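Student: 3D model of this:
(4 chains)
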Amino acid sequence: MELKNKKWTEDEFFKAREEVLNQWPTGKGVNLEEAAEYLRKVPEHKSFPFKLKKAKEQGITLAQPRAGVALIEDHINLLKYLQDEGEADLLPTTIDSYTRQNRYKECEIGLEESRKAGRSMLNGFPAVNHGVEGCRKVFEAIDLPLQARHGTPDARLLSEIIHAAGWTSNEGGAISYNIPYAKNVSLEKSILDWQYCDRLVGLYEEMGISLNREPFGPLTGTLVPPSISNAIAIIEGLLAAEQGVKNITLGYGQCGNLIQDVAAMKALEEQANEYFKEYGYDVELTTVFHQWMGGFPQDEAKAFGVISWGSATAALAGATKVIVKTPHEAVGIPTKEANAAGIKATKQTLNLLRGQRLPMPKELEEEIKLIKMETKCILDKVFEVGKGDLAVGVVKAFEMGILDIPFAPSKFNAGKVLPARDNNGAVRILEFGNLPFTKEIKDFHRSLLEERARYEKRKIGFQMVVDDINAVGKGFLVGRPNY
Amino acid sequence: MELKNKKWTEDEFFKAREEVLNQWPTGKGVNLEEAAEYLRKVPEHKSFPFKLKKAKEQGITLAQPRAGVALIEDHINLLKYLQDEGEADLLPTTIDSYTRQNRYKECEIGLEESRKAGRSMLNGFPAVNHGVEGCRKVFEAIDLPLQARHGTPDARLLSEIIHAAGWTSNEGGAISYNIPYAKNVSLEKSILDWQYCDRLVGLYEEMGISLNREPFGPLTGTLVPPSISNAIAIIEGLLAAEQGVKNITLGYGQCGNLIQDVAAMKALEEQANEYFKEYGYDVELTTVFHQWMGGFPQDEAKAFGVISWGSATAALAGATKVIVKTPHEAVGIPTKEANAAGIKATKQTLNLLRGQRLPMPKELEEEIKLIKMETKCILDKVFEVGKGDLAVGVVKAFEMGILDIPFAPSKFNAGKVLPARDNNGAVRILEFGNLPFTKEIKDFHRSLLEERARYEKRKIGFQMVVDDINAVGKGFLVGRPNY
Amino acid sequence: MQKTVVLGVIGADCHAVGNKILERALSEAGFNVVNIGVMCSQEEFINATIETNADAILVSSLYGHGEIDCRGLREKCDEAGLKNILLYIGGNLVVGKQDWSDVEKRFKGMGFNRVYPPGTSPEIGIRDLKRDLGIED
Amino acid sequence: MQKTVVLGVIGADCHAVGNKILERALSEAGFNVVNIGVMCSQEEFINATIETNADAILVSSLYGHGEIDCRGLREKCDEAGLKNILLYIGGNLVVGKQDWSDVEKRFKGMGFNRVYPPGTSPEIGIRDLKRDLGIED
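Tutor: Numbering: from 1, shown residues only, chains lettered A, B, ... in the order given. Model (predicted):
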């Protein structure tokens, strides 16, 4: 199939679908009409689009954890605990890493070993292996909207199964679930595969069923400059909208500087709406803020400090929802108690800040302006190299380093952009690679980093970057040489 | 002695001192010259004034816990733990409630029972009973500056003992350690007694020894409108300065609305400096922000949320230090581990926010203006009724309800002011009693509360106040009827 | 007939906020509340009870000294002729986080009819009080 | 003589940040680093080691599947003629918070010479590596 940013015909979709549903035996359990019937009966309080819309209207921020274990019963217990004890507003199902690579046979081994060992040997819930039936068991056992969260370049079968099971949201996108999550998957393939996932949601929309889609905002979660992640979020939003997706949540991962974080969230929402309007898409847009995605302190009390500060920023930025970390973050997958504790600290902070917003000082306005300007530089160039086609543009832009995600493992990523923090902790750019920024913008970044270098009495360089990556684990935002 | 705001003569001081040092046998252990010698040898890193000055210059916020148990060895272990494991920047010694009432015999019983029971039967460290020798043991065992924190209307003997023991800061003041802490102590007496404490510090200053004094900002810690606590903080600062105190930390207790809290801290610092200047005092002023002093959630994760949000506000307000709560706050006096956890969550948040400030949007400027205007209304009237004498003015002002602290137990407090939160969580005034505010200010408060009443579809009234008091324990800032 | 209760905070404890809220809640529930405020001695509780012929004594202690402050209160009540008077206590009764069932047992052993942990809502105490005093709801 | 090490992240694990930092730290410490990146199979580790005649294999696993991914690696090394090759592993090796000494024991039982918990600084691994390879500091 030729790559372009155009809504798939039903022919194209159903032809691909035959192959998709044959990728693993559980694919045969998916029946579109039966699934539509099932989804029509999902009550409002278990619908992602409905709950997000209500939160947006009320101006509150919802809290959502990450969680997933191998076996159905254990996973249900975990989710119920996060719902009842943790007071989560929205529930996730984190999918294991083998499923993300479509290695369903290894999932079977993991499932078997988990049963034997009496503990999860997988780092998530293998939804494809459990099939529609297993996924519905989970959905029916809980009382909140349920979303799949993963990192799957080819999530076609997974998407078919989870939506048919009543899960009303799916995280991911052609760029955000490929470049940070895979080494060898081409963008041509991941764009086509995510067009499929989005078209599936579009089909349900055409049947009158509202489903939510959420591109993954934080990308590598490591010093990603806001304009890079915002540009990619807007691209994935546009690609989804073209396939008929109507309910989109765009995301951003906390960088740590309050002004920059609030500015990034505001810029993202405003600019995405502008692009949706410009390209004629009617989208119900909400936002998600990810608490700190980088290294965490080992100490649980300190981790609570990081978690709470992320929650406060989410509230002040007016995010529709916040993705919650746990006090076990530094040591791996959390216990259910630690997971619930993370949600509770988050919700307490959100509730204390309910209704409070950061008023708009000059500094915030300027940061918003800068982020929008940079984002536009990137997006203009992507459209240009794609000769007007966004999908083609994305592939070309990555080849040319116009789109470039710091610290991503993919060989299709240029990896030439190097970010570092300025003296106030805002993420700036040290090496621009081929980012299509104006000289003025580049000089501005450079001047901010030089200011830091003078303050720290050292040269600008890679060691700053390493220090910044390790800083939060050591308790600080900016990696100063003397910490 | 006649009450007036005038520096005591040496005659007056030493005459009173004879009686003070005879109040309890340990008083005989205080020798001013020997104490001065001892204090001169206190190294810089154990000096409150020095460490506060350095923090102010660097623009960082220091973290200080509360802590105190009955027995010396246990208290030393506790403080060392908070220093080494908790990473505290400044150390406290919380004094027990019997000492605060000068009931030293009951302290003896408490000490004896603590030894027998193997656990502290007192809610703090009875410094008077332990005497200079005992207090020095504590000071010498630790490596940080040490401060007495209490709530003692007559702290004369206590102050003599702790300063002679090398403790370079003393919390308290004639109003802030009387009206919220006592039922029957007249302001005439507590002003004279705190003039004594301040004069003692002034004498040390004249001998070249710098000691810090810190009026207790939060008062009853319950919905105290910023202008009331700021007015009292400035009054206690002026009373201290008159007695020769040179190093003063003024404080404020978190109300919970970010803009109001930052505004209150900025207003306090600016306005205090203006008054010191106006009355010709040369004072090194620093500020302290108290994390939420009201009811806490029982759940420890939620408590961490409250603690971290207080820390973030302290950092954004640029406080010189922050007084730290613990995850055990709701259940009483914390274990040392819980206390350390509170400090660590606090320091993590402070460090992430290091160097970040809240820029000055219009809303913040206006809130600062409002608080300063209200504070000036109160202070003008206090001077007026005192016919220019601040000490006399304070007594008269409390009699007339010009000064009036919500929820204070003292019979010398009018208790007519009733505060409640507005729709954004800022503390406003519902019933003004005799607060000398202009009609314009009163109308403004009223309009904000009416806005809340409309939003909540109920009448303005005492139930709002009760709901607000209980709100944070239940997870919210504003006590809405449906929570 | 309206029942009278004596309400106060015992010892050197000056926590006034809860006291004011409790007073209001008890009044609204129909009790005649004699609020002796904060920092009350055992004698003040007993004298107020005798003077007002009260039906129950409600003691608060929020600063951890409850164990020392309350010792002998039941015996003093007995001596003062207040045999079998209802004695309630609630608050932060001891220093530090202790097992609640131990704390409750200790205070019941001291003669308190009901013992409440921190954070108990006024409604629960009022419900118990009505039951113990035989008041219909 | 400069020693060569093969560095990579095993299994379906795509955590690239630590890998890039480790590469830099090892290079700066004087090693010839063959970085095979993220998402590497056991075979990729072994092939790279044979091709470059490397002295040690440094495995990272940060997503909790380390136990499944590493099973049989030592035996495969033996079969490929890499008898006694140094095998290090570090990261978030298991799902959930487990007792570290148990985890270490399990991975040592699988034939790893050294096993590092999450949050270990590169310097510690480098120090051990120099010791194990007989490099003077």
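
Student: what are the phi and psi values for C:Tyr88?
Tutor: phi -110, psi 150 (degrees, to the nearest 10).

Student: mind listing the strands for chain A?
Tutor: In chain A, the strands defined using DSSP state E lie at A:62-64, A:91-94, A:146-149, A:169-171, A:212-214, A:247-253, A:284-290, A:321-323, A:418-421, A:427-431.

Student: typo on my end, it should be chain C
Tutor: Remark: strands assigned in chain C by DSSP E are C:4-10, C:32-40, C:56-61, C:86-91, C:114-116.

Student: if we can go back for a sec, can I get the strands of chain A in TSV including mean pLDDT and distance to B:Ala317?
Tutor: Heads up, the C-betas are built off the backbone N, CA and C, glycines and all. Output for the strands of chain A, formatted as TSV (pLDDT from 0 to 100; distance: least, Cβ to Cβ, whole Å):
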stretch	mean pLDDT	distance to B:Ala317
strand A:62-64	98	26
strand A:91-94	98	35
strand A:146-149	98	37
strand A:169-171	98	37
strand A:212-214	98	35
strand A:247-253	98	26
strand A:284-290	98	23
strand A:321-323	98	24
strand A:418-421	95	23
strand A:427-431	96	25
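
Student: okay if I get those as CSV plus mean neighbour count and distance to B:Phe444?
Tutor: Output for the strands of chain A, formatted as CSV (neighbours: other Cβ atoms under 10 Å in any protein chain shown; distance: least, Cβ to Cβ, whole Å):
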stretch, mean neighbour count, distance to B:Phe444
strand A:62-64, 25, 34
strand A:91-94, 25, 44
strand A:146-149, 24, 45
strand A:169-171, 26, 44
strand A:212-214, 29, 43
strand A:247-253, 27, 37
strand A:284-290, 24, 34
strand A:321-323, 29, 34
strand A:418-421, 24, 41
strand A:427-431, 21, 41
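
Student: show me the shaky parts of the chain.
Tutor: Using chain A here. For chain A, the stretches flagged by pLDDT under 70 are A:482-483.

Student: not what I meant, chain C
Tutor: By pLDDT under 70, the low-scoring segments of chain C are C:137.

Student: 80 - rerun?
Tutor: For chain C, the stretches with pLDDT under 80 are C:1, C:95-97, C:119, C:136-137.

Student: what does it have sitting close to chain B?
Tutor: Within chain C, the positions near chain B by Cβ under 8 Å from any Cβ of the partner chain are C:11-17, C:19-21, C:24, C:37-39, C:63-65, C:67-68, C:92, C:94-97, C:118-119.

Student: ChimeraX command to pick out the buried ones of those residues?
Tutor: ChimeraX command restricting those to the buried ones, with burial defined by 16 or more other Cβ atoms under 10 Å in any protein chain shown:
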select /C:11,12,13,14,15,16,17,19,20,21,24,37,38,39,63,64,65,67,68,92,94,95,96,118,119
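
Student: distance to chain D added to the strands of chain A, as CSV?
Tutor: Compiled in CSV, the strands of chain A are given as follows (distance: least, Cβ to the nearest Cβ, whole Å):
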stretch, distance to chain D
strand A:62-64, 20
strand A:91-94, 11
strand A:146-149, 14
strand A:169-171, 16
strand A:212-214, 19
strand A:247-253, 13
strand A:284-290, 16
strand A:321-323, 18
strand A:418-421, 11
strand A:427-431, 14
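
Student: let's have those strands in TSV, adding distance to C:Leu133.
Tutor: As requested, those are arranged in TSV below (distance: least, Cβ to Cβ, whole Å):
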stretch	distance to C:Leu133
strand A:62-64	44
strand A:91-94	47
strand A:146-149	51
strand A:169-171	55
strand A:212-214	56
strand A:247-253	57
strand A:284-290	53
strand A:321-323	49
strand A:418-421	66
strand A:427-431	66
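
Student: which residues does the residue in chain C positioned nearest to chain D contact?
Tutor: Residue nearest to chain D within chain C: C:Lys97 (23.5 Å; Cβ to the nearest Cβ). Applying Cβ atoms under 8 Å, 6 or more residues apart in numbering or on different chains, we find C:Lys97 in contact with B:328, B:331-335, B:338.

Student: most neighbours of all the residues you listed, which one?
Tutor: Neighbour counts for those (other Cβ atoms under 10 Å in any protein chain shown) peak at B:Ile333, which has 25 neighbours.

Student: let me know whether that residue touches C:Leu62 as I believe.
Tutor: No: in this structure, B:Ile333 is not within contact of C:Leu62 by Cβ atoms under 8 Å, at 11.0 Å.

Student: just checking, what packs against the lengthiest helix in chain A?
Tutor: The residue-count maximum for a helix in chain A (DSSP state H) belongs to helix A:362-385. Using 3 or more Cβ pairs under 8 Å, 6 or more residues apart in numbering or on different chains; DSSP states H and E, the elements in contact with helix A:362-385 are helix A:226-242, helix A:258-278, helix A:390-400, helix A:439-456.

Student: ok so, going back, joint contacts of B:Ile333 and C:Leu62?
Tutor: C:Asn92.

Student: which one of the helices and strands packed on helix A:362-385 is the most hemmed in?
Tutor: Highest mean neighbour count among the helices and strands packed on helix A:362-385 (mean count of other Cβ atoms under 10 Å in any protein chain shown): helix A:226-242, with a mean of 26.

Student: that one and chain D, any residue contact?
Tutor: No: figure legend: helix A:226-242 not in contact with chain D (Cβ under 8 Å from any Cβ); closest approach 15.4 Å.

Student: what angle do that helix and helix A:439-456 make?
Tutor: Put simply, helix A:226-242 runs at 140 degrees to helix A:439-456, going by axes from the mean of the first three to the mean of the last three Cα atoms, to 10 degrees.

Student: which secondary structure elements does helix A:226-242 contact?
Tutor: Packing partners of helix A:226-242 (3+ Cβ pairs under 8 Å, 6+ apart): helix A:187-206, strand A:247-253, helix A:258-278, helix A:362-385, helix A:390-400.

Student: okay, these in JSON lines with distance to B:Leu52 next?
Tutor: Below are these laid out as JSON lines (distance: least, Cβ to Cβ, whole Å):
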{"stretch": "helix A:187-206", "distance to B:Leu52": "56"}
{"stretch": "strand A:247-253", "distance to B:Leu52": "37"}
{"stretch": "helix A:258-278", "distance to B:Leu52": "25"}
{"stretch": "helix A:362-385", "distance to B:Leu52": "28"}
{"stretch": "helix A:390-400", "distance to B:Leu52": "53"}
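
Student: these: which one's closest to B:Ala420?
Tutor: Evaluated over the helices and strands packed on helix A:226-242, closeness to B:Ala420 peaks at helix A:258-278, with 28.9 Å, by Cβ to Cβ.

Student: name the residues of stretch A:23-32 that are buried.
Tutor: The neighbour-count check on stretch A:23-32 (16+ other Cβ under 10 Å) flags A:23-24, A:26-27, A:29-30, A:32 as buried.

Student: what's the span of it, first residue to last?
Tutor: 17 Å (Cα to Cα, to the nearest Å).

Student: stretch A:151-166 too?
Tutor: End-to-end distance for stretch A:151-166: 20 Å, by Cα to Cα.

Student: list the contacts of the residue nearest to C:Glu123 when sequence neighbours are not counted.
Tutor: Distances taken as Cβ to Cβ, 6 or more residues apart in numbering or on different chains place C:Ala25 nearest to C:Glu123, at 7.5 Å, with adjacent residues excluded. By Cβ under 8 Å, 6+ apart, the contact set of C:Ala25 is C:122-123, C:126.

Student: gap between A:Ser190 and A:Ala319?
Tutor: According to Cβ to Cβ, to the nearest Å, A:Ser190 and A:Ala319 sit 27 Å apart.

Student: also C:Ile89?
Tutor: For C:Ile89, the distance to A:Ala319 - Cβ to Cβ - is 46 Å.

Student: between these two, which has more neighbouring residues?
Tutor: Comparing C:Ile89 with A:Ala319 by other Cβ under 10 Å, the one with more neighbours is A:Ala319, at 30 against 25.

Student: sounds good, over and out.
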